[in-house]
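J.: need a 3D model of the following:
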Amino acid sequence: MKALLLVAIGGAFGSVTRFKLSEYVVLHTADWRFPAGTFAVNVLGCLLAGLLAGLAERHAIVSPQTQLLLFVGVLGGFTTFSAFGLETVILFRRGELLVAAANIASSVVVGVAALWLGMKLGSLKT
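T.: The predicted structure is shown next:
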């Protein structure tokens, strides 16, 4: 139960932070055609995930509970793209280049295709 609470609290914080940052970026890039708000959130999420993972790896200062709060909760609520990035880098570091490349390609292609399919199914007349 404690783990769920840590994830929930972190997730709420991450979601609100994502909303506010994206809102701020969109306000300042309103004339752009590029989705700058989402891009900024994804890049910042990856930077933070890398920083935290590096600190945890180098200094072993992040307890399992803190990892749940920060990685699954805060960063999960902020952007799951950071989890995708971290998992992909771990695959590269293990030397699993083909698996990492497959993760990248399949996540993007299949994810976008699934979204398109979901939109088509959702817009069907009943």
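J.: show me what the stretch of helix or strand residue 113 belongs to is packed against.
T.: Taking DSSP states H and E as the criterion, residue 113 maps to helix 97-122. Where contact means 3 or more Cβ pairs under 8 Å, 6 or more residues apart in numbering; DSSP states H and E, helix 97-122 is packed against helix 81-93. All C-beta spots, glycine's among them, are computed from the backbone N, C-alpha and C.
J.: just want the angle from the helix it packs on to helix 97-122.
T.: 150 degrees (axes from the mean of the first three to the mean of the last three Cα atoms, to 10 degrees).
J.: pLDDT of helix 81-93, averaged?
T.: The pLDDT scores in helix 81-93 average 92.
J.: with stretch 107-120 instead?
T.: Mean predicted confidence for stretch 107-120 is 90.
J.: now do the buried residues in stretch 84-92.
T.: Within stretch 84-92, the residues that qualify as buried are 84, 85, 86, 88, 91, counting by 16 or more other Cβ atoms under 10 Å.
J.: tell me which residues are up against that stretch.
T.: Residues outside stretch 84-92 that contact it (Cβ atoms under 8 Å, 6 or more residues apart in numbering): 45, 46, 49, 50, 53, 97, 99, 100, 103, 104, 107.
J.: same question, stretch 96-107
T.: 84, 87, 88, 89, 91, 92.
J.: before we move on, back to that, export the buried residues of stretch 84-92 to a markdown table and append columns for distance to residue 26.
T.: Supplementary listing: those in a markdown table, determined by distance: Cβ to Cβ, whole Å:
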| residue | distance to residue 26 |
| --- | --- |
| 84 | 22 |
| 85 | 22 |
| 86 | 26 |
| 88 | 27 |
| 91 | 32 |
